[in-house]
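S.K.: sequence and predicted structure are below.
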Amino acid sequence: DVQLQACGGGLVQAGGFLRLSCRTSGFPFHEYIIGWFRQIPGKEREGVACIGDRYGSSYSLESVKGRFTISKDNAKNTVYLQMNSLKPEDTAVYYCNNVPLRPNAYWGQGTLVTVSS
């Protein structure tokens with residue numbers, strides 16, 4: 001049973017930082033690309049960053065480059081998103097999932113990040 005669970009969100013002031021974790025199970029973690037996505041209220045879900053052993057890492061959003069860092073720990077089957085210098089516009093529900101998405105991919109509840117000004 002494939003599972004990806006995002007956690008680590010919270011309320012933080014602008015300029016602060018958070019580290020999100022994506023804990024996975026049910027598939028060979030090191031063989032897959034894992035991505036972070038976010039959905040701002042009223043908008044469509046968008047890709048933030050992704051990482052894979054053979055793929056390397058990339059950032060989909062210009063606005064997060066230099067502030068967010070994606071990393072992975074194969075021993076823990078976990079992908080992280082270090083978010084520094086947070087801005088109110090980073091407020092969103094953050095999700096993680098396989099890239100590309102599996103058929104009938106399940107998104108779960110994600111983790112809410114709220115950045116106050």
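M.R.: Received, thanks. Numbering: from 1, shown residues only.
S.K.: tell me how far Glu62 lies from Val48.
M.R.: 11 Å (Cβ to Cβ, to the nearest Å). All C-beta atoms are positioned from the backbone trio N, CA, C, and that covers glycine.
S.K.: ok, the two, which is more surrounded?
M.R.: Counted by other Cβ atoms under 10 Å, Glu62 and Val48 do not tie: Val48 has more neighbours, with 24 against 7.
S.K.: after whatever helix or strand the more buried one lives in, which helix or strand is next?
M.R.: Val48 is part of strand 46-52 when elements are defined by DSSP states H and E. Heading C-terminal from strand 46-52, the first helix or strand you meet, by DSSP H and E, is strand 56-59.
S.K.: name the residues that touch that next one?
M.R.: Outside strand 56-59, the residues within contact range by Cβ atoms under 8 Å, 6 or more residues apart in numbering are 48-51, 65, 68, 70-71.
S.K.: would CSV of these with pLDDT and distance to Ser117 be doable?
M.R.: Converted to CSV, those look like this (pLDDT from 0 to 100; distance: Cβ to Cβ, whole Å):
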residue, pLDDT, distance to Ser117
Val48, 98, 21
Ala49, 97, 24
Cys50, 97, 29
Ile51, 97, 30
Lys65, 97, 22
Phe68, 98, 19
Ile70, 98, 25
Ser71, 98, 28
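S.K.: which one of those residues is nearest Ser25?
M.R.: Minimum distance to Ser25 across the contacts of strand 56-59 is 17.4 Å, recorded for Ile51 (Cβ to Cβ).
S.K.: among the contacts of strand 56-59, which ones are buried?
M.R.: 48-51, 68, 70 (16 or more other Cβ atoms under 10 Å).
S.K.: partner strands of the strand holding Val48, parallel or antiparallel?
M.R.: Sheet pairing here is set by DSSP bridges, and for strand 46-52 it gives strand 33-39 (antiparallel), strand 56-59 (antiparallel).
S.K.: check which residues of the last one are buried.
M.R.: Along strand 56-59, the positions that meet the burial threshold by neighbour count (16+ other Cβ under 10 Å) are Tyr59.
S.K.: that strand: how far from the chain's middle?
M.R.: 12 Å (Cα atoms, centre = their mean, to the nearest Å).
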